[in-house]
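> pasting a predicted model and its sequence here:
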Amino acid sequence: MTSPATTKERSARPRGASASRAGQTSAGWLFVAPSLVLLGLFLLVPVLMAAWVSVSDWNGRGSPFAGTVAFVGADNYQTVLTSEGGLQARDFGTALRNNFWYVVLVVPTQTIVALSLAVLVNRKVLRGRGFFRTAFYFPSVTSSVAIVLVFLFLFAGSGAVNKVLGWVGINGPNWFSDPRGVLHLLLGVVGIDQGPAALTGNGFLSITWWEWLAGPSVAMSALVILAIFTTSGTFMLLFLAALQNISGEVEEAAMMDGASGFQRFRLVTVPMLRPTLFTVLTLGLIGTWQVFDQIYVGTQGGPAKTTITPAYLSYTTSFASQNWGQGAAIAFILFFIILVLAAFQRWVLRERTTVPRRKRYLTTGAGR
Amino acid sequence: MNRTHRTRTTLGLVAAATLALSACGGGGFEDTEETSDGAAAGPAALEVLIGSSGPAETDAVTAAAEAWAEESGNTAEVVAAQDLNQQLSQGFAAGSPPDVFYVSSDLVASYASTGAIEPYAADMENADDFYPNLKDAFTVDDTYYCAPKDFSTLSLIINADSWAAAGLTDADLPTTWEELSTVAQTLTTETQVGLSTSTEYQRLGAFMAQAGGGLVDDEGGPVADSAQNVEALDYVKQMVADGSYKFAADTDSGWGGEAFGTGKAAMTIEGNWIKGALTNDYPDVNAIFAPLPEGPGGQGTLTFTNCWGIAADSDNKEAAKDLVQYLTAADQQMAFATAFGVMPSVQSAADQYRTEFPEDAAFLDAADYAVAVPNNEGVSDVIADLNAQLETLGSGDPSAILQSAQTNLEAVLGSS
């Protein structure tokens, strides 16, 4: 910004213009100052404090910056991540396992559902579009606590969901108190009840590969359904806005080129939605890795710890077990997981230099 | 140049303002200078934070605190917490905790280790009047921290109508495990299971106590995987397999009291707090409270208790002690017992309680042999993990569950 060229250029200008530009700049700073102060005070400072707590032995009494609080290096991280941590490490491994399956199931499904809904309500021929848009968006504006409570009733052992399943002859599980892993159940159907020694003997983050392979528990599956139900509407809205940005001519051109409806959707619409897709996937990824309120209100981590997530574990480790350092460490590990995954996803969805549109632009440019 | 300079100034101002504001916020974290050791001059203004079971409890405690305030010339404000542990944690971190608050026995060790609570209880006028096993529940490393405010024990709760309908009489009240299995089987019908409890250690631990087991031995060593504990869980599992015992979650209930109140179970094992639920939610259910049966190891049940904690950071410790003294006096505890159904923690109130609440004899008699949930630091995490595994007891292997609890306990307590 302050390269020699610009400075020279600016000093050559009349003085008045420069002064007014400077006035504008400071006025700008003045206007953003309140939000900068608020962000700094309520976001940056707490984050830095939490970072310090995660490498200290603060016990929750008095200031974390008091003289009695000592620096313990990576001890808290070590307790959580390595097998020496025993119970804490296993809890963290379990929490990551639970949340991993939750993310794997929720993010793709909610994206696909949101996109389908958006395409559906974007159709001009659809009657009562306004009604459907509102209906699909409704779960997103409802308090998640209220929805969780409704789901607790719906998925109770003798609740509505099991009644409906009963009509088609399925004896539904007692959803929110069933800790069995879905994948384990499926494997059990084909007669595999015990994992091979290679899987049960070795593991990652203090729980065995066989436990990783359990899949989401039945209780977690109900929460997955809940998450898809509540968030699809929000993302539908994002997709809808993007769809309406695609002009009709593009669609018409593709039609003239003889593309079928599905081809138009796959090869024209979806690529043009890429920025929105990135937003939706990123927001979905962050939201699902941070899932907390459903757990806090609905299951409290049960049954059999199959719905504890790192965010919830961080809370209980700090507030219930008074291990503030470990709680903060868990929060930071979660932060890094989200950061890495978001970066990875950005790399996957990057604009490739070889996209046809760009090529076409270059040829026309050269021909001119 | 001018522009850059101004920008820097503005940036600096913003940064300074942020720091200044955060310093204001952070000011609360610093320990305030204590004028003297908890004896502030003039009338004290006490803040009392309670984890209330409902309006009845809040009103009773508020009335008692106001009466004390009137008498002593101080003031006391009672606040019912939404989430007691979280609000306490915030208070401790800010250096301005409430002066007096409830502390459950499983948290006393972790608060004691951080020095957040004042060990005042040994100096109380009526220190010898409290039940010894309740005092043990609040004793950490031989220091007796806080005075038990009341206590509860587990008993067998029986639906009187189902009992009579099944042709059972007082003579059939189970005194052994065999008899319990028999009556549970007798009481089991198409729509009602004989016995239902939640799966947590806080209920099934009663069977462990009856078998002569427990999580820690008298010296505080870990004994979770003892043969007695395995026997207790095997017994429970056998009853589940027989169909005469269902866990509360399997009857669509949040706890044993709900399964009992809604008639899904004819018997449950709960504490005296079930009286409140029966009165408020299930007034049509007639309940009999009977002692739990003897197991191979004799009589056994669990006791639960909270104490009146006093914050070490309180400016009014003397006044706080005075308030606790007032609240734990026998007559005041009887007032609480009448208001919200708790049992007085002092032995001198036992006779009066027995006269006023004859139907509660089973709960009160259990005080002599009931054991408290271990209170060592970190044990609550072990119990939480044990509870998670006990949820799978119906299909799981009791000795494997107890073995893993033993491993966790050894990590917390050190192996014996």
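Cool, got the structure. Residues are numbered from 1 along each chain as shown, chains lettered A, B, ... in the order given.

> count of neighbours near residue A:291?
Around residue A:291 there are 23 other residues, counting by other Cβ atoms under 10 Å in any protein chain shown. The C-beta positions use only the backbone N, C-alpha and C, and glycine is treated the same way.

> ok, which stretches of the stretch 101-250 of chain B are helices?
Using DSSP state H, counting those that start in this stretch, the helices assigned to the stretch 101-250 of chain B run over residues B:108-113, B:132-137, B:160-165, B:177-187, B:201-210, B:227-242.

> quick one: distance of the longest one to the chain centre.
Averaging C-alpha positions (Cα atoms, centre = their mean, to the nearest Å) puts helix B:227-242 25 Å from its chain's average.

> and that helix, which residues are buried?
Residues of helix B:227-242 classed as buried under the neighbour-count rule (16 or more other Cβ atoms under 10 Å in any protein chain shown) are B:228, B:229, B:230, B:231, B:232, B:233, B:235, B:236, B:237, B:239, B:240.

> just the helices of the stretch 101-250 of chain B: most buried one?
Ranked by mean neighbour count, the helices of the stretch 101-250 of chain B are led by helix B:201-210 with a mean of 24 (mean count of other Cβ atoms under 10 Å in any protein chain shown).

> also near chain A: which of the buried residues of helix B:227-242, exactly?
Checking the buried residues of helix B:227-242 against chain A by Cβ under 8 Å from any Cβ of the partner chain, not one of them is in range.

> which stretches of chain A have low pLDDT?
Filtered on pLDDT under 70, chain A yields the residue ranges A:1-19, A:83-85, A:352-368.

> quick one, strands of it?
For chain A, the strands defined by DSSP state E occupy A:203-204, A:207-208.

> let me have these in CSV, extended by mean neighbour count and distance to residue B:276.
CSV is the format used below for the strands of chain A (neighbours: other Cβ atoms under 10 Å in any protein chain shown; distance: least, Cβ to Cβ, whole Å):
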stretch, mean neighbour count, distance to residue B:276
strand A:203-204, 14, 46
strand A:207-208, 18, 40
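
> still on that earlier bit, is it possible to get TSV of the helices of the stretch 101-250 of chain B that adds mean pLDDT?
Formatted as TSV, the entries for those read as follows, by pLDDT from 0 to 100:
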stretch	mean pLDDT
helix B:108-113	88
helix B:132-137	89
helix B:160-165	94
helix B:177-187	94
helix B:201-210	94
helix B:227-242	94
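
> quick one: these as CSV, columns for distance to residue B:68 too.
Rendered in CSV, the data for the helices of the stretch 101-250 of chain B read as follows (distance: least, Cβ to Cβ, whole Å):
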stretch, distance to residue B:68
helix B:108-113, 24
helix B:132-137, 22
helix B:160-165, 40
helix B:177-187, 45
helix B:201-210, 32
helix B:227-242, 44
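
> how far is stretch B:375-388 from where the chain is centred?
Relative to the mean C-alpha coordinate of its chain, stretch B:375-388 is positioned 14 Å out (Cα atoms, centre = their mean).

> could you list the buried residues of it?
When neighbours are counted by 16+ other Cβ under 10 Å, the buried residues of stretch B:375-388 are found to be B:375-388.

> swap in stretch A:39-57?
Of the residues in stretch A:39-57, those scored as buried under the neighbour-count criterion (16+ other Cβ under 10 Å) are A:40, A:41, A:45, A:49, A:50, A:52, A:53, A:54, A:55, A:56, A:57.

> restricting to C-alpha, output it in CSV.
Extracted C-alpha coordinates of stretch A:39-57, given in CSV (Å, rounded to 0.1, in the frame of the first residue of the first chain):
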residue,chain,number,x,y,z
LEU,A,39,-14.8,-7.5,19.3
GLY,A,40,-11.6,-7.1,21.1
LEU,A,41,-13.2,-7.1,24.5
PHE,A,42,-15.6,-9.9,24.1
LEU,A,43,-13.8,-12.1,21.5
LEU,A,44,-10.1,-11.4,21.3
VAL,A,45,-9.4,-11.0,25.0
PRO,A,46,-11.4,-14.0,26.1
VAL,A,47,-9.8,-16.1,23.4
LEU,A,48,-6.3,-15.1,24.6
MET,A,49,-7.3,-15.7,28.2
ALA,A,50,-8.6,-19.2,27.3
ALA,A,51,-5.3,-19.8,25.4
TRP,A,52,-3.4,-19.0,28.6
VAL,A,53,-5.8,-21.2,30.7
SER,A,54,-5.2,-24.1,28.4
VAL,A,55,-1.4,-24.1,29.2
SER,A,56,-1.8,-23.2,32.9
ASP,A,57,-2.9,-25.0,36.0
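
> appreciated, that's everything.
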